[in-house]
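A.B. asks: Structure for the following, please:
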Amino acid sequence: MDQEVLTVEKEVKVEVAPTLTKAQIADMEKTRSLTKIVYTQFKEHKAAVIGVYTIIFFVLIALSAPLIENLTGLDAESQNVFARYKPPFTRVSVPVDAREDMVRKYMLANPEDAVAAENALIKEDFVATRKPEAFPFSACEIRSH
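C.D. replies: I've put the predicted structure just below:
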């Protein structure tokens, strides 16, 4: 029996690495801190970078909420469940407790104007007087018509 030997020639491609300068080799051999390594890997991950920008955006919106409230005139702390499905920036009436707080603040800040307004309301018969010690901010009571 004749044994035939099959020889298969394979092409081997050898890639030659580019020559590096001493400065490039020294830069590659530098030790980097763990934070630099993590930061470099983080920058390469696109979804993580987009997530950080999204979080920063929402934090900036939250921090500028008082400015947005003043510019738009909307009250961030009031709720109106019946206006839930109205379009954005729809104006709703001020809740009763917020209105009372605004009236009290005005009366404390401007006592002369508050007394004049109170006297005008009494004169027009919109309110009735009662004992001053019953309600420290006003000497009148709202009448229901």
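A.B. asks: contacts, neighbours, all on C-alpha from now
C.D. replies: OK.
A.B. asks: quick one: the strands in this structure?
C.D. replies: Applying DSSP state E to the chain gives strands spanning 127-129, 140-142.
A.B. asks: ranking the ones you listed by mean pLDDT, which is last?
C.D. replies: Sorting those by mean pLDDT places strand 140-142 lowest, at a mean of 49.
A.B. asks: so what pLDDT did the residue nearest the centre of the chain get?
C.D. replies: By CA atoms, centre = their mean, the chain has its centre lying nearest to Ala62, at 2.2 Å. Here, the pLDDT recorded for Ala62 equals 92.
A.B. asks: And it, how far from Ala117?
C.D. replies: Distance, Ala62 to Ala117, by CA to CA, to the nearest Å: 39 Å.
A.B. asks: which regions of this protein sit below the pLDDT cut-off?
C.D. replies: Residue ranges of the chain with pLDDT under 70: 1-12, 14-17, 79-83, 92, 128-145.
A.B. asks: So what touches the top helix by length along the chain?
C.D. replies: Longest helix in the chain, counting residues (DSSP state H): helix 46-63. When contacts are defined by CA atoms under 8 Å, 6 or more residues apart in numbering, helix 46-63 is touched by residues Phe42, Lys43.
A.B. asks: likewise stretch 70-78?
C.D. replies: Glu69, Phe89, Arg91, Val94, Pro95.
A.B. asks: Out of those residues, the closest to Lys30 would be?
C.D. replies: Glu69 (51.7 Å; CA to CA).
A.B. asks: Who are the contact partners of the closest one?
C.D. replies: Contacts of Glu69 by CA under 8 Å, 6+ apart are Asp75, Ala76.
A.B. asks: Leaving out chain neighbours, which residue sits closest to Lys43?
C.D. replies: Distances taken as CA to CA, 6 or more residues apart in numbering place Val49 nearest to Lys43, at 6.5 Å, with adjacent residues excluded.
A.B. asks: Could you check how many residues crowd around that neighbour?
C.D. replies: By the criterion of other CA atoms under 10 Å, Val49 has 13 neighbours.
A.B. asks: Equivalent analysis for Val52, please.
C.D. replies: So Val52, with other CA under 10 Å, has 10 neighbours.
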